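Participant: Below: sequence and its predicted model.
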Amino acid sequence: MTSKESKDDASLGDQDAVDVLEAESKEFDKDAEIDRILKAFRLDAYSVLDLQPGVPESDIKLTYRKKSLLIHPDKTKNPLAPEAFDRLKKAQTELMDEKHRERLDEAIADARMLLIRENKWTVDSPELKTDDFSKKWRDKTREVLIENELRRKRQLKAQMQEEGREQRKAEQEIEDRKRKRQHEQDWESTRDQRIDSWRQFQKSKSGGGDGEKKKKKKLKPIG
């Protein structure tokens, strides 16, 4: 083997090592992002996508594209990738839905105002610019979102119960009308029979009366 060949082999070995390190680094980044997504508060789509509230739709689309390519289940061996990918997709869908995003933005704004009121601050207070406030704001946002979700579920449950009552009422009305129609049909089907029975009754009654009169005439004393 010549010295040139030895150098080439060494270069290939070094390149292989670099490739392995890069692959491991990329896999580490994928694992870290999957872990972050799964630990993010799922009711806060901004948190799942690691975005700040108020970003434009273009940022949402770009961020989703980058992260979805990074953690796509086909591009990583991490068994949790499918779950993380689904959560990422759900978060992106929610933020692209105008009404859902408005509700989320409103909850985040409510959390900020609640913190200001609870601490008797003003919108110009210096405390609002600290990292401590940012953390408290995230925690308060979590509380507000949980309360909103519980309220939504209670309303949904009440709505379903009301719909159930209305459904049972409608079914009962249908059953009542069905029984009424059946009764009318039964009554009509026996009409001729009832008429014949009535005629027989009247005929027997009439015949019994004549026999009684004749009997009475025979028993009438003479002169």
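Facilitator: That came through, no problem.
Participant: Could you pull out the strands in the protein for me?
Facilitator: Remark: no strands are assigned in the chain by DSSP state E.
Participant: Show me it divided up by domain.
Facilitator: Residue ranges of the domains in the chain are recorded as 19-96, 98-186, according to automatic domain parsing.
Participant: now those domains in a markdown table, with mean neighbour count and mean pLDDT?
Facilitator: Glycine gets a C-beta too; all of them are placed from N, C-alpha and C. Listed next are these as a markdown table, based on neighbours: other CB atoms under 10 Å; pLDDT from 0 to 100:
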| stretch | mean neighbour count | mean pLDDT |
| --- | --- | --- |
| domain 19-96 | 16 | 94 |
| domain 98-186 | 12 | 92 |
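Participant: okay if I get the ones you listed as CSV plus distance to Q202?
Facilitator: Formatted as CSV, the entries for these read as follows, by distance: least, CB to CB, whole Å:
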stretch, distance to Q202
domain 19-96, 81
domain 98-186, 24
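Participant: These: which one's closest to W198?
Facilitator: Comparing those against W198 with CB to CB, the closest turns out to be domain 98-186 (17.7 Å).
Participant: which residues touch the spatially closest residue to D59 that is not a sequence neighbour?
Facilitator: Ranked by CB to CB, 6 or more residues apart in numbering and with sequence neighbours excluded, the top spatial neighbour of D59 is L51, at 6.6 Å. Taking CB atoms under 8 Å, 6 or more residues apart in numbering as the definition of contact, the neighbours of L51 are 59-60, 63, 95.
Participant: swap in D29?
Facilitator: D29 makes contact with L70 under the criterion CB under 8 Å, 6+ apart.
Participant: in terms of contact, does E57 touch M96 like I think?
Facilitator: Yes - look at E57 against M96 with CB atoms under 8 Å: they come within range, at 6.8 Å.
Participant: can you list residues touching both of the two?
Facilitator: What both E57 and M96 touch, as defined by CB under 8 Å, 6+ apart, is an empty set.
Participant: give me phi/psi at the residue nearest to D59?
Facilitator: Dihedral angles of L51 (phi, psi; degrees, to the nearest 10) stand at phi -120, psi 160.
Participant: Next one: it from Q159, what distance?
Facilitator: When distances are taken as CB to CB, to the nearest Å, L51 and Q159 turn out to be 32 Å apart.
Participant: Then D139?
Facilitator: Between D139 and Q159 the distance, using CB to CB, works out to 31 Å.
Participant: Kindly report the same for L38.
Facilitator: For L38, the distance to Q159 - CB to CB - is 32 Å.
Participant: what's the answer for A81, then?
Facilitator: Counting by CB to CB, the gap from A81 to Q159 is 37 Å.
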